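Undergrad: structure, please.
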Amino acid sequence: MDGASTSSGALRALALELKGLQSSPVEGFTINTNDDNLFIWTVGIFGPPHTLYQGGYFKAVIRFPPNYPYSPPSVKFLTKVWHPNVYENGDLCISILHPPIDDPQSGELACERWNPTQSVRTILLSVISLLNEPNTSSPANVDASVMYRKWKEGVDDQYAQMIKKQVDESKEEAARDGIKVPETLEEYCIKTNPVVDDALDDFDDLYNYDESSEEEEIEEDDDDSGQGEN
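TA: Okay, the predicted model is just below:
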């Protein structure tokens, strides 16, 4: 498969995902895209209620590779985020964004990493979950990880104070962007649309084809070509 066809397939996959997210929104984040470059999405992640990040508005950019969804995108926070799984430059470190190979050093299995069934939806929901429950076994920010463990153990509340400061700063950015950040569960949760999303069906069809059906089509083509020779 050449580069042009690979990029074309990625664009189709991204367009279908975007359509699905627009028709069936998920609580916890907003998405903005540039029609000129669908390989870069800007997202706004809302801190979930009843967590340290409640009321926060954290912007990030998702960059997709030309062979998406067969390779994972990258996620980089534009808003300053002090978190065990976020490097100080804003890069997010999370298992499902790692290529699907066994890495003895990290301790992650290939099954825990990226695969083509993952999507922007699953990535962002994982990020939201990670805000409340960081993975401290292999931290990207060691200082944040140590600080978080001390807070969880009730030894030091410096971690909570730092997150509160960043949440307050992010609210100012939300105001500049004209975004109303949900503070309560009622505001945060979105009622799902009971209508089946055609875009997601198309996405499944694109990557979950039946190999046996493909073989049958090939056999039929062979039969037709043989009849034509008689």
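Undergrad: show me what the lengthiest strand in the chain pairs with in its sheet, parallel or antiparallel.
TA: Assignment by DSSP state E gives strand 37-46 as the longest strand of the chain. Within its sheet, strand 37-46 is paired with strand 29-34 (antiparallel), strand 57-63 (antiparallel), according to DSSP bridges.
Undergrad: out of these, which is the most enclosed?
TA: Among the strands paired with strand 37-46, strand 57-63 has the highest mean neighbour count (mean count of other CB atoms under 10 Å), at a mean of 20. Every residue, glycine included, has its C-beta placed from N, CA and C.
Undergrad: what lies in contact with the next helix or strand after that one?
TA: Where DSSP states H and E defines the elements, the next helix or strand beyond strand 57-63 is strand 74-77. Here strand 74-77 makes contact (CB atoms under 8 Å, 6 or more residues apart in numbering) with 58-63, 86, 89-92, 94, 97, 123, 127.
Undergrad: tell me which residues in the longest strand of the chain are buried?
TA: Residues of strand 37-46 classed as buried: L38, F39, W41, V43, G44, I45, F46 (neighbour count, 16 or more other CB atoms under 10 Å).
Undergrad: helices of this protein, start to end?
TA: Assigned by DSSP state H, the chain shows helices spanning 3-23, 120-132, 142-152, 158-177, 185-188, 198-207, 211-229.
Undergrad: so which elements touch the third one?
TA: Other helices and strands packing on helix 142-152, by 3 or more CB pairs under 8 Å, 6 or more residues apart in numbering; DSSP states H and E, are helix 158-177.
Undergrad: can you name every helix or strand that the helix it packs on contacts?
TA: The elements that helix 158-177 packs onto, with contact taken as 3+ CB pairs under 8 Å, 6+ apart, are strand 57-63, helix 142-152.
Undergrad: ok, 10 Å please
TA: Secondary-structure packing of helix 158-177 (3 or more CB pairs under 10 Å, 6 or more residues apart in numbering; DSSP states H and E): strand 37-46, strand 57-63, helix 142-152.
Undergrad: who touches the longest one?
TA: Outside of helix 142-152, the residues that reach it under the criterion CB atoms under 10 Å, 6 or more residues apart in numbering are 52, 81-88, 134-139, 141, 155-163.
Undergrad: run the chain-centre distance for it.
TA: Remark: helix 142-152 is offset 25 Å from the chain centroid, using CA atoms, centre = their mean, to the nearest Å.
Undergrad: which parts of that helix are buried?
TA: Burial within helix 142-152, assessed by neighbour count using 16+ other CB under 10 Å, is assigned to A144, S145, M147, Y148, R149, W151.
Undergrad: can you check stretch 118-137 too?
TA: Q118, S119, V120, I123, L124, S126, V127, I128, L130, L131, P134.
Undergrad: would JSON lines of those with pLDDT and distance to T184 be doable?
TA: Output for the buried residues of stretch 118-137, formatted as JSON lines (pLDDT from 0 to 100; distance: CB to CB, whole Å):
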{"residue": "Q118", "pLDDT": "90", "distance to T184": "30"}
{"residue": "S119", "pLDDT": "91", "distance to T184": "27"}
{"residue": "V120", "pLDDT": "91", "distance to T184": "25"}
{"residue": "I123", "pLDDT": "91", "distance to T184": "25"}
{"residue": "L124", "pLDDT": "89", "distance to T184": "20"}
{"residue": "S126", "pLDDT": "89", "distance to T184": "23"}
{"residue": "V127", "pLDDT": "90", "distance to T184": "21"}
{"residue": "I128", "pLDDT": "89", "distance to T184": "16"}
{"residue": "L130", "pLDDT": "90", "distance to T184": "22"}
{"residue": "L131", "pLDDT": "87", "distance to T184": "17"}
{"residue": "P134", "pLDDT": "92", "distance to T184": "24"}
